[in-house]
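K.L.:
A predicted structure for the sequence below; I have some questions about it.
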Amino acid sequence: MNYSIFTDTMADSDWREIENKGRQKVPVLFPLGVIEEHGPHLPLGTDIYLSYAICKKIKDTVRAQQGDCLIAPPYYWGVNHCTGSFPGTFSLKPETMIVVLTEIFGNLHQFGFDKVYCINQHGDAVHVKTIIDAIKAANKNFDMHIRLLMEPFDLPQQGLSGKEDYILLDEAEYSPELFAEDDINEKTLLDIHAGALETAAMLNFYPDAVCQDTAKQLKSYSLTESSLDVWLTGGEKVRSVVPLGYAGNPAGYEKKISTAKVIFEKLADYCAQKIMEDNLAE
């Protein structure tokens, strides 16, 4: 495996470059995720790998349009409620995470940056709320404009409308066919964790990190409404509905490879466009 989530981020820069970019008020992309079990076929770092990959695509797209942005060093210590009973799942208390994130935002402010776009690929509701709480605190305390990229279907869980000034709503145009389920056995089920789409996404960006032979052998543990309730409860009971740690159908990944590629390309294009518009508006 010859990849690093620090490649082309601030971690590869020297302090003079950071000082120069801070003076220019260059926007910052901030990859967020966790270290969490993702079944027997994907690595623990799947969420932060994907967040970083999206940020890298956004940065490359912005640069191709003669714009500029930086990627902050990826942050991967978060809240893991649902999968906490599995070895390899690291989890912080929300109050700890808020303190750490707020101080990181304060560092960026000290360096001269005031626009930050948070890209998070871990959907735990408490984790997302914790990020939002840290963003709101930093925006108030440091007079920054930090936003979290969110999907429309995640808004109700947080009681949000998408119009909040700390939310960047993904309004890219996705064809409904992208999300259509071909497998008749999966049509009424929920593939939400380390399943077909997430496995396909990892294959697009990090093929060496996916154990395809294992994925092809795995039976579906996509969730019903009742098993979703167990999943959301967390704790040891989760193992009764997802004994191997994945909540989905990993074996169906091959049919989702092109879908994942299109989704992430459209997302990166949309975010790059918004970043360019934000900076032209100044």
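P.N.:
Now that the structure is in, tell me what you want to look at.
K.L.:
just the strands in the chain please.
P.N.:
28-32, 70-71, 115-120, 145-150, 167-169 (DSSP state E).
K.L.:
so for the first one, what's the average pLDDT?
P.N.:
For strand 28-32, mean pLDDT rounds to 99.
K.L.:
tell me what it is packed against?
P.N.:
In this structure, strand 28-32 packs against helix 46-64, strand 70-71, strand 115-120, with contacts taken as 3 or more C-beta pairs under 8 Å, 6 or more residues apart in numbering; DSSP states H and E. C-beta coordinates here come from the backbone N, C-alpha and C atoms, glycine included.
K.L.:
Which pLDDT does the model give the residue sitting nearest the centre point of the chain?
P.N.:
By C-alpha atoms, centre = their mean, the chain has its centre lying nearest to residue 121, at 1.6 Å. Per-residue pLDDT puts residue 121 at 98.
K.L.:
tell me the contacts of it?
P.N.:
The contact partners of residue 121, by C-beta atoms under 8 Å, 6 or more residues apart in numbering, come to 32, 33, 47, 48, 50, 51, 54.
K.L.:
hang on, the earlier thing: need the strands of the chain in a markdown table (columns: mean neighbour count and distance to residue 14).
P.N.:
Listed next are these as a markdown table, based on neighbours: other C-beta atoms under 10 Å; distance: least, C-beta to C-beta, whole Å:
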| stretch | mean neighbour count | distance to residue 14 |
| --- | --- | --- |
| strand 28-32 | 26 | 17 |
| strand 70-71 | 24 | 13 |
| strand 115-120 | 23 | 21 |
| strand 145-150 | 22 | 25 |
| strand 167-169 | 20 | 30 |
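K.L.:
Residue 9 is nearest to which of those strands?
P.N.:
strand 70-71 (4.2 Å; C-beta to C-beta).
K.L.:
Tell me the helices and strands packed up against the closest one.
P.N.:
Partner elements for strand 70-71 (3+ C-beta pairs under 8 Å, 6+ apart): strand 28-32, helix 46-64.
K.L.:
Pull up the pairing partners for it, direction included.
P.N.:
Strand 70-71 sits in its sheet next to strand 28-32 (parallel), going by DSSP bridges.
K.L.:
quick one: the partner strand to strand 145-150, angle?
P.N.:
40 degrees (axes from the mean of the first three to the mean of the last three C-alpha atoms, to 10 degrees).
K.L.:
got a list of contacts for strand 28-32?
P.N.:
So strand 28-32 is contacted by 5, 48, 51-52, 54-55, 58-59, 69-72, 74-76, 78, 108, 113, 115-122, 131 (C-beta under 8 Å, 6+ apart).
K.L.:
Sweet, I'm off.
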